[in-house]
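# Show me how the following folds:
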Amino acid sequence: MDVNTPLTQLHRVGDKLAKRLKHLGLETVEDLLFHFPFRYEDYSQTVAIKDLHLGEQVTVKGRLELIASKRSWRTKRLVTEAIISDGERQLRVVWFGQPFISKVLKPGDQIYLSGKVGQDMLGPQMISPSFEKVKTETTHTARIVPMYSLTSGLTQKQLRFLVSQALKCSPLVVDWLPVELRKKARVVDLVSAIKGIHFPSDKKELSESERRLKFDELFVLQLRGEWLRQSLRSATAPVIPFQEQAIRDWVAKLPFVLTRKQKVAAWEILQDISQPRPMNRLLEGDVGSGKTVVAALAIYNTVLNKQQAILMAPTEILARQHFQSLTKFFAAEKISIGLLTRSQAEGGGEGLSHGRARKNICQAVKNNELAVLIGTQALLNEDIDFASLGLVIVDEQHRFGVSQRKMIREKSGLTKILPHFLSLTATPIPRSFALTLYGDLDLSIIDEMPKGRKPVLTRLVEPQKRQAAYDFIQKQIRAGHQVFVICPLIAGEDEGMASEKKTVMTEYEKLSQKVFPDLSVGYLHGRMKAEDKAEQMKKFATNQIQILVSTSVVEVGVDIPNATVMMIEGAEKFGLAQLHQFRGRVGRSDQQSYCLLFTESETETARERLHFFASTTSGFKVAEYDLQQRGPGEVYGLAQSGLMNFRLATMRDQELIKLAREMARGLNFSQYPELVQKVKTWEQSVHWE
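Sure, this is the predicted structure:
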């Protein structure tokens, strides 16, 4: 048996259990070794029966005096009752629906019981505790007991039993961190950490194991940033000089005045792309702060220098939004712009079929007849070759890896030259956090809103005031405005996309048939075809649809200035940063806009979060609060944070973050091939779309 051994070869793993383990992403021994506990029960100290207190989680050691199974006369459930003695006092124990226990345990056995102390009229008792016969080393009792994430049909006992088998292979796990770096970081070896994270002998061993494994996660992220930074430092990029007069003329024709922060961000970008080394910059701005016009300015300067630019978005809806925005920005300049996604091709000629338009676009790009190409990251996989690609802009997708840059270089039409790279995000990220996540990126921040924008008024609507909220919506629509309604994804029997569709359709039917039968209500969900989504968004943009019911597909980028109400059902199910993204879909004109939060939760924590959200319009304050309360994974989402591979580390591990950053900075990778391989493996594990 080794780390690549399938779990089906472990003792007591049949097809049914293997299927349940696979649902957790566990297929090999290595998967199991790196499936860390999410919490622990400390049963390491045994307590005398006379010292038991109601509600305590404890371990009791004693001799089994009596055990028997019978059927309850009232409920007809099988009940196993036992009495144990520690030589001084006796304790009654009850298990429900587990008659096998009376066959496993026999009077006279010395056993451990771990669980919660209860009480009835006869005195203290334990209900359904974990049990083990006294032996040299225990797994489920009389120790710090690991608690794992489970799935239906899988128990903690089963998983601990399998992990204990897998740990026999832990010495075969290769420690990728060189000895001298382990000493510098003051961390234990990887094998010890794996053993200690699953079955620690004491709190000190658990702490040391957590420290090593957290450091690994943070160090890989910092190594990746440093490796990329060093590779870019030695790379060459096309020099794109600042075309000052043409840019000034273009800015002067805009229907609005650029804010000071927009001008600063634009100048930083223009300075970068005028250098012979690749720009690698993150443009961060709150929702509605005007990042798109700054990106457009960079694109225009690139095109003026006879270089091509591409803009990649995470969704087809957002790609089309960018296509429409840039077409409007460059209408007078007659810049050739193309849109290319899996289901859309536009700009290859009027009245062409989809396939012909796609072919025309690819040919135009190759012949340098198309200056700007917009699409999703599927552009990387398309059979497209650029004539002279100078600028790559990626929206809401920051982890653009080494392999992705290599693909771009191969398509760029510039021998041994790497295009400049700009990433955009509408997720407000505190500066220290952004520098930790994206250590390879320079940072530009737009933290002021365009003049004339009114702050969105946010309200938590009590259940008894729902009808009043509907009346308010009706009034807004009568005034000519439109409304977003966001539904949470509720996992049910049919999880994922099917549930998303079901949730949206249920809300759509309620609103269109019962609440607003006289209004035009539309819907949007993840299972719809791309062309159907585009059609719905077109109808909403032209006010043919007055209320749009949707899931988080409208979270970023959708720009409907006429929409003045954002109504969010199940608001407690979203992170505050995500709620802020939703709120940013309204308030995009000079009209007063509103965000209405509905929740069925009565928990104090959920309502406190929502009240805080309603009290501020600053995305940065929202992000910092959410970071403190919930942690980075939930704040920024899997696709953006770079923390999708983090099992243990959080942004609260400031000392380790600083240590990892300091140790990675300036590292000579030629001396550490194992570190390079680790970074490459990490990059391959990340989903880039």
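# Can you show me the helices along the stretch 251-400 of the chain?
260-273, 291-304, 316-329, 354-366 (DSSP state H, counting those that start in this stretch).
# wait, which of the ones you listed is closest to residue 163?
helix 316-329 (42.4 Å; C-beta to C-beta). Placement of C-beta: from N, CA and C, glycine included.
# what inclination does that closest one have with respect to helix 291-304?
Taking axes from the mean of the first three to the mean of the last three C-alpha atoms, to 10 degrees, helix 316-329 and helix 291-304 form an angle of 60 degrees between their directions.
# Just the C-alphas of stretch 281-294, formatted as CSV.
C-alpha atoms of stretch 281-294 as CSV (Å, rounded to 0.1, in the frame of the first residue of the first chain):
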residue,chain,number,x,y,z
ARG,A,281,-1.2,45.1,-12.3
LEU,A,282,-4.5,44.7,-10.4
LEU,A,283,-7.0,47.5,-10.7
GLU,A,284,-9.3,47.3,-7.8
GLY,A,285,-12.4,49.4,-7.4
ASP,A,286,-15.7,49.4,-5.6
VAL,A,287,-18.8,48.5,-7.6
GLY,A,288,-19.7,51.4,-9.9
SER,A,289,-16.4,53.2,-9.4
GLY,A,290,-15.6,53.3,-13.1
LYS,A,291,-13.0,50.7,-13.7
THR,A,292,-14.2,50.0,-17.3
VAL,A,293,-13.5,53.5,-18.5
VAL,A,294,-9.9,53.3,-17.1
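# any low-confidence regions in the stretch 451-600 of the chain?
489-502, 553-558 (pLDDT under 70).
# mind listing the helices for it?
Under DSSP H, counting those that start in this stretch, the stretch 451-600 of the chain gives helices at 466-478, 497-510, 530-541, 576-583.
# and among the ones you listed, the most buried is which?
Mean neighbour count (mean count of other C-beta atoms under 10 Å) peaks for helix 576-583 among the helices of the stretch 451-600 of the chain, with a mean of 25.
# The helices of the stretch 251-400 of the chain: which one's closest to residue 28?
Short answer: helix 316-329, nearest of the helices of the stretch 251-400 of the chain by C-beta to C-beta, at 35.9 Å.
# Any buried residues in that closest one, and which?
316, 317, 318, 319, 320, 321, 322, 323, 325, 326, 327, 329 (16 or more other C-beta atoms under 10 Å).
# Could you report the distance from the third one to residue 45?
Taken as C-beta to C-beta, to the nearest Å, the spacing of residue 318 relative to residue 45 amounts to 56 Å.
# per the record, what domains does the chain have?
Using automatic domain parsing, the domain parsing of the chain gives 1-40+145-173, 45-142, 244-446, 457-641.
# Quote the end-to-end distance of the third one.
Looking back up the chat, that one is domain 244-446. 22 Å (C-alpha to C-alpha, to the nearest Å).
# for it, what is the average pLDDT?
On average, the pLDDT along domain 244-446 is 85.
# try stretch 113-133
Stretch 113-133 comes out at a mean pLDDT of 92.
# Also stretch 10-27?
93.
# contacting residues around the closest residue to residue 364 other than its chain neighbours?
Computed as C-beta to C-beta, 6 or more residues apart in numbering, the closest residue to residue 364 that is not its neighbour in sequence is residue 370, at 3.9 Å. Going by C-beta atoms under 8 Å, 6 or more residues apart in numbering, residue 370 touches 308, 336, 337, 338, 347, 361, 364.
# ok so, going back, out of the domains of the chain, the one nearest residue 201 is which?
Closest among these, using C-beta to C-beta: domain 45-142, at 9.5 Å.
# burial measure for residue 678, as a count.
Each residue near residue 678 was counted by other C-beta atoms under 10 Å, and the total is 19.
# what about it, helix or strand, and which?
helix 673-685 (DSSP states H and E).
# For that helix, name the packing helices and strands.
helix 203-233, helix 402-411 (3 or more C-beta pairs under 8 Å, 6 or more residues apart in numbering; DSSP states H and E).
# now, of these, which is deepest in the fold?
helix 203-233 (a mean of 20).
# that older thread, using CSV, lay out the domains of the chain together with distance to residue 180.
Shown next, in CSV, are the domains of the chain (distance: least, C-beta to C-beta, whole Å):
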stretch, distance to residue 180
domain 1-40+145-173, 20
domain 45-142, 34
domain 244-446, 22
domain 457-641, 30
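# hmm, back to that, distance to residue 675 added to the helices of the stretch 451-600 of the chain, as TSV?
Below are these laid out as TSV (distance: least, C-beta to C-beta, whole Å):
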stretch	distance to residue 675
helix 466-478	56
helix 497-510	39
helix 530-541	41
helix 576-583	32
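# For residue 380, find the nearest of those helices.
Across the helices of the stretch 451-600 of the chain, closest to residue 380 is helix 530-541 (C-beta to C-beta), at 17.9 Å.
# so the closest one versus helix 354-366, what angle?
Using the same axes, to 10 degrees: helix 530-541 against helix 354-366 is 90 degrees.
# Pull the residues that contact helix 530-541.
For helix 530-541, using C-beta under 8 Å, 6+ apart, the contacting residues are 316-317, 320, 341-344, 482, 522-524, 528, 545, 548, 553, 558, 560, 563.
# same check, this time on stretch 243-259
266, 270, 289-290, 293, 297, 300-301, 304-305, 332-333, 446, 448-451.
# same thing with stretch 379-394?
Here stretch 379-394 has contacts from 237-238, 240, 273, 295, 298-299, 302, 305-312, 340, 362, 365-368, 373, 375, 377, 400, 404, 407-408, 411-414, 419-424, using C-beta under 8 Å, 6+ apart.
# one step back: so which of the helices and strands packed on helix 673-685 is nearest residue 608?
Nearest of these (C-beta to C-beta): helix 203-233, 28.5 Å.
# Report the rounded mean pLDDT for that closest one.
91.
# Packing partners of it?
By 3+ C-beta pairs under 8 Å, 6+ apart, helix 203-233 packs against helix 190-198, strand 280-285, helix 402-411, helix 654-664, helix 673-685.
# Okay, buried residues for the longest one please.
What that stands for is helix 673-685. 675, 678, 679, 682, 683.
# Could you give me the ChimeraX selection string for whichever of the contacts of stretch 243-259 are buried?
Listed next is the ChimeraX selection for buried residues among these, using 16+ other C-beta under 10 Å:
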select :266,270,289,290,293,297,300,301,304,305,446,449,450
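# still on that earlier bit, of all the domains of the chain, which lies closest to residue 670?
domain 244-446 (16.2 Å).
# I'd like the distance from that closest one to the chain centre, please.
Centroid displacement of domain 244-446 relative to its chain, using C-alpha atoms, centre = their mean, to the nearest Å, is 24 Å.
# now stretch 472-480
Taking mean C-alpha positions (C-alpha atoms, centre = their mean), stretch 472-480 and its chain are 35 Å apart.
# now do stretch 594-611
That offset, for stretch 594-611, works out to 22 Å (C-alpha atoms, centre = their mean).
# swap in stretch 166-185?
That offset, for stretch 166-185, works out to 28 Å (C-alpha atoms, centre = their mean).
# And for it, what's in contact with it?
Here stretch 166-185 has contacts from 1-3, 5, 10, 29-30, 32-33, 187-191, 194-195, 198-199, 215-216, 219, 659, 663, 672, 674-675, 677-678, using C-beta under 8 Å, 6+ apart.
# now with 7 Å?
Residues from elsewhere that reach stretch 166-185 (C-beta atoms under 7 Å, 6 or more residues apart in numbering): 1-3, 29, 32-33, 189-191, 194-195, 198, 215-216, 659, 663, 672, 674, 678.
# cool, and stretch 330-345?
Contacts for stretch 330-345 (C-beta under 7 Å, 6+ apart): 253, 300, 303, 316, 319-320, 323, 326-327, 346-348, 354, 357-358, 361, 364, 369-376, 378-379, 382, 530-531.
# Just the buried residues of that stretch, please?
330, 335, 336, 337, 338, 339, 340, 341, 344, 345.
# nearest to residue 605, of the residues you listed?
Closest to residue 605, out of all of these and judged by C-beta to C-beta, is residue 341, at 40.5 Å.
# Can you give me the distance of that closest one to residue 109?
Counting by C-beta to C-beta, the gap from residue 341 to residue 109 is 67 Å.
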